[in-house]
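Novice: What follows is a predicted protein model with its sequence.
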Amino acid sequence: MSNPIWIVRDYLKCSGCRRCEIACSMHHEDWMWPEASRVRVFMPFPGVEVPHLCAQCDDYPCVDSCSFDALSVDEDTSAVIVDREKCTSCALCIKACPGQVPFLHPGDNKATVCNLCEGDPECVKVCQEARYNALSVVEEKPNVNRKLFAMHPIEVAKDLAVNLFGEKGEEVI
């Protein structure tokens, strides 16, 4: 891989504005269609926003799970690429992903996952532009356990809620 990148998430900085969803859908779909966005912001609990997108796991379980060779890894960016012609909509990639990040596109029902906008992620640009800085691009670091960022949004939200609001029964000042 020549210059792999990775999108780091700082969950505590996410305001839930969903600019990332809009920028992604505008880039990939040519219109505002958040349901087709490759990054999704979930609000499992009031006040807790979780940006959810591909973490480019070291072992790429989604790619390995595809029996039809519809998923591959881009050597330049490290992004998962979906060959929509080969995809059969079987959803094995979704089941294999620890955070269930890939989804079946609402338009063609094919597997859909962040492709890092060919190395220049639109979601990061708008998040940085708004000065939220919940999403940032970094060059790949071999010692980062990216699967920690591939957790299901509910699991992330539980930890965030404790961080933001304290444990049950704990006095918050």
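Specialist: Perfect, thanks for sending it.
Novice: give me every residue that touches the residue positioned nearest the centre of the chain.
Specialist: With distances taken as C-alpha atoms, centre = their mean, the residue of the chain nearest its centroid is Leu53 (0.4 Å). With contact taken as C-beta atoms under 8 Å, 6 or more residues apart in numbering, Leu53 is in contact with Ile7, Arg9, Arg38, Val39, Arg40, Val101, Cys114, Cys123. Using the backbone N, CA and C atoms, a C-beta is placed for each residue, glycine as well.
Novice: next one: Gly107
Specialist: Shown in contact with Gly107 (C-beta under 8 Å, 6+ apart): Glu29, Ala36.
Novice: go again using 10 Å as the cut-off
Specialist: Going by C-beta atoms under 10 Å, 6 or more residues apart in numbering, Gly107 touches Glu29, Trp33, Glu35, Ala36.
Novice: What's the PyMOL line that selects buried ones from those?
Specialist: Buried members of the contacts of Gly107 can be picked out in PyMOL with the line below, counting by 16 or more other C-beta atoms under 10 Å:
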select buried, resi 29+33+36
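Novice: Between the contacts of Gly107, which sits nearest Cys14?
Specialist: Lowest distance from Cys14 to those (C-beta to C-beta) belongs to Glu35, with 19.0 Å.
Novice: next one: phi and psi at that closest one?
Specialist: phi -60, psi -20 (degrees, to the nearest 10).
Novice: Show the pLDDT at it.
Specialist: Looking at Glu35, its pLDDT reads 96.
Novice: same check, this time on Asp58
Specialist: 86.
Novice: and what of Arg131?
Specialist: Model confidence at Arg131, given as pLDDT, is 97.
Novice: Please report how far Met151 lies from Phe165.
Specialist: Met151 is 19 Å from Phe165, where distance means C-beta to C-beta, to the nearest Å.
Novice: Neighbour count: those two, which is higher?
Specialist: Shown here are Met151 and Phe165; by other C-beta atoms under 10 Å, Met151 has more neighbours (19 against 13).
Novice: For that one, what are phi and psi?
Specialist: According to degrees, to the nearest 10, Met151 has phi -70, psi 160.
Novice: so what's it up against?
Specialist: Val50, His52, Ala55, Pro98, Gly99, Gln100, Val101, Ala157, Lys158, Asp159.
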